[in-house]
Each structure stands twice: as C-alpha cells, then as structure tokens.
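A.B. asks: build me a model:
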Amino acid sequence: MCEIDMNKVVGTLDILFICLDTLRYDVAVQQEAAGLTPVLNRYGRWVKCQAPGNFTYPSHHAMFAGFLPCRYDTKCQAQREMLFYPTAIGLRRKVPAGAYAFSGSTIMEGLAQDGYDTWCVGGVSFFDKRSDLGRVFPGYFQKSYWHPSFGCLVKESTKNQVDFLLRKLEAAPKERRIFLYVNVDAIHYPNYYYIEGASRDSLASHAAALCYADGQLGRLFDAWKSLRKDAFVICCSDHGTCYGEDGCLYHGISHPMVDIVPYKHFFLQNGT
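C.D. replies: Numbers count the residues shown, from 1 in each chain. The predicted structure is shown next:
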C-alpha cells in the first residue's frame, strides 16, 4: 500500500469505500493474474492483508472507526498504516504522518464535521434496516439506502446498486464532497447462480461473482469520473470465507481463508 497524505485528500476529493463483502484473497489474486477483473486490475495489485474481523459485524465496526485491513506482515499496532486516525482512542501520542485525524466515533462522523455528505448503499442484512441490528450501520451515515433488490439473494444485486447510485449522482450537488460506502454482497453466499447450471456455492462461483462485480464497478467508476471530480477509492474485503478447507464452511470463524483479505486504494481520475 502506497503512502497517502489523507490531509490532502479530505476536503478536496470525494472518497469511495467499496467493500467486496466476503472476498477471499486467494481468489482475488487468481482472477487478477488471469486478467479476469480488468476494472480493478487497472488500479494496482491486491495487497495481502489481515482482516479486521471474521464476519461483517465486527469487521465493519473496526473499519468504520479507522482500522482498515492492515498488511499481513504487520507485527504490532504501531506498524499499521492509518489512513484515518481516531483521536479519541489514544493509541499514540501523536497523529501518524499522513493520517486524517477525526473526532467522533466513526470516520463518517468526522468527515461530516468537515463538510462531507456521507452515503451508505447497503447489501447484506447488517445494512438492510429491517431490524434493530440492521439499522446500526446505516445509522452512522447521513443518508443510507437499501432495497430488497440489493440483497444477497438477488443475482443482479450489484447492478441494481450501481443503477441506483447513478440516479443519485445525477442529482447530487457538485460542490459538496461525498463519502460513499457501498456494501457489494454479490460474492457473499449464495453465489452459485453466477455459474450456469450450478446448484451450490464453490470457489468457482465465488470467483465468477467477483468478475460480475468487477464489471459493475466499472460502470460506477466511469460515471463518477463523468459526473463528479476526482476521487480517492478504498477497495477491500471485510473477511474471507471457507468452502470446506479443514472441514470449515463460510465465515464467523477463525481460519486463514477467513482472516486474510485483499486490499487496495487508489485515485480515480479522468483518463484512468
């Protein structure tokens, strides 16, 4: 991960936080090497990182407080690269070089204080606002959106999320900076329907779901460059998942396939 001075980003650029929910690192790099994710490949290689948690809820609490996935070889807290630094927690005596120091309980709260509109487009049930638990994360944002067509059970979920966002972007004031979080849930189970004729989830359907999401992100990025100014993008998984390794299934458990995630950040600019 390259060094970024977030103090030059905040207030100047939109910030997009794209979470490819449940994406495994090994699958991400395999598809990258095969050239099957051309949109994401355009913006640099995946970095092998430690997941902040082993399922969506703990991982997002950490990430929304500034604790994004850290490099896999990180040995102590002081070695973490911090793009966002929560001043209230008192981890260090001074703000790390290049980190955006924010007050409040979340990145979004800090950015809102600095003039950002904070948007959330949900996917998995922790963002669906249909239960008390499903309202926690959306409640961190000034504007939060979810629709059944964005959910895990819908094959076209990412397309539907992007279609919705394109309509919102058309109407968004150009002078206001936006912090956008999108929970892309296509890769989360079930994902078998991304392979014609399949009846159960597998590593192959996990990979196919990533390729599908990649194409839809291309539409979002192209529209953002057309309708908005440049942006800084954080793209990562919140945790991985298992497909039978060591007898393990899915996530919410500690296993290398769950604990290792892909991460990258990059600038979205006209011409890229």
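
A.B. asks: in the stretch 51-200 of the chain, where is pLDDT below threshold?
C.D. replies: 90-93 (pLDDT under 70).

A.B. asks: for it, which segments count as helices?
C.D. replies: 56-64, 107-113, 157-171 (DSSP state H, counting those that start in this stretch).

A.B. asks: helices and strands around the longest one, which ones?
C.D. replies: Read that as helix 157-171. The contact analysis (3 or more CB pairs under 8 Å, 6 or more residues apart in numbering; DSSP states H and E) places helix 157-171 against strand 117-121, strand 178-184, helix 203-227. C-beta coordinates here come from the backbone N, C-alpha and C atoms, glycine included.

A.B. asks: between the ones you listed, which gets nearest to His61?
C.D. replies: strand 178-184 (13.3 Å; CB to CB).

A.B. asks: now the angle from the closest one to helix 157-171?
C.D. replies: 160 degrees (axes from the mean of the first three to the mean of the last three CA atoms, to 10 degrees).

A.B. asks: sheet partners, orientation included, of strand 178-184?
C.D. replies: Using DSSP bridges, the strands paired with strand 178-184 are strand 14-20 (parallel), strand 117-121 (parallel).

A.B. asks: of those, which is nearest Leu203?
C.D. replies: That would be strand 14-20 among those, by CB to CB, at 15.3 Å.

A.B. asks: if we can go back for a sec, do you know which of the strands paired with strand 178-184 lies nearest His255?
C.D. replies: Comparing the strands paired with strand 178-184 under CB to CB, the one sitting nearest is strand 14-20, at 18.6 Å.

A.B. asks: now do the contacts for the nearest residue to Phe55 once chain neighbours are set aside.
C.D. replies: Excluding the flanking residues, the one nearest Phe55 by CB to CB, 6 or more residues apart in numbering is Gly252, at 4.1 Å. By CB atoms under 8 Å, 6 or more residues apart in numbering, the residues touching Gly252 are Asn54, Phe55, Val258.

A.B. asks: so how do I select the buried members of those residues in PyMOL?
C.D. replies: Here is the PyMOL command that selects the buried residues among those (16 or more other CB atoms under 10 Å):
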select buried, resi 54+55+258
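
A.B. asks: now the contacts of Gly252 in TSV, with distance to Ala231?
C.D. replies: Shown next, in TSV, are the contacts of Gly252 (distance: CB to CB, whole Å):
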residue	distance to Ala231
Asn54	30
Phe55	28
Val258	30
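
A.B. asks: from the contacts of Gly252, pick the one nearest Pro96.
C.D. replies: Using CB to CB, Asn54 comes nearest to Pro96 of the contacts of Gly252, at 25.9 Å.

A.B. asks: residues in contact with the closest one?
C.D. replies: Here Asn54 is in contact with His239, His251, Gly252, Ile253, Ser254, Val258, Asp259 (CB under 8 Å, 6+ apart).

A.B. asks: go again using 6 Å as the cut-off
C.D. replies: Shown in contact with Asn54 (CB atoms under 6 Å, 6 or more residues apart in numbering): His239, His251, Gly252, Ser254, Val258.

A.B. asks: for the chain, just list every one of the strands.
C.D. replies: 14-20, 47-50, 70-71, 84-86, 100-102, 117-121, 143-145, 178-184, 231-236, 242-243, 249-250, 260-268 (DSSP state E).

A.B. asks: determine how far the third one lies from the middle of the whole chain.
C.D. replies: The gap between the average C-alpha position of strand 70-71 and the chain average comes to 15 Å, counting by CA atoms, centre = their mean, to the nearest Å.

A.B. asks: I'm done for today, thanks for sticking with me.
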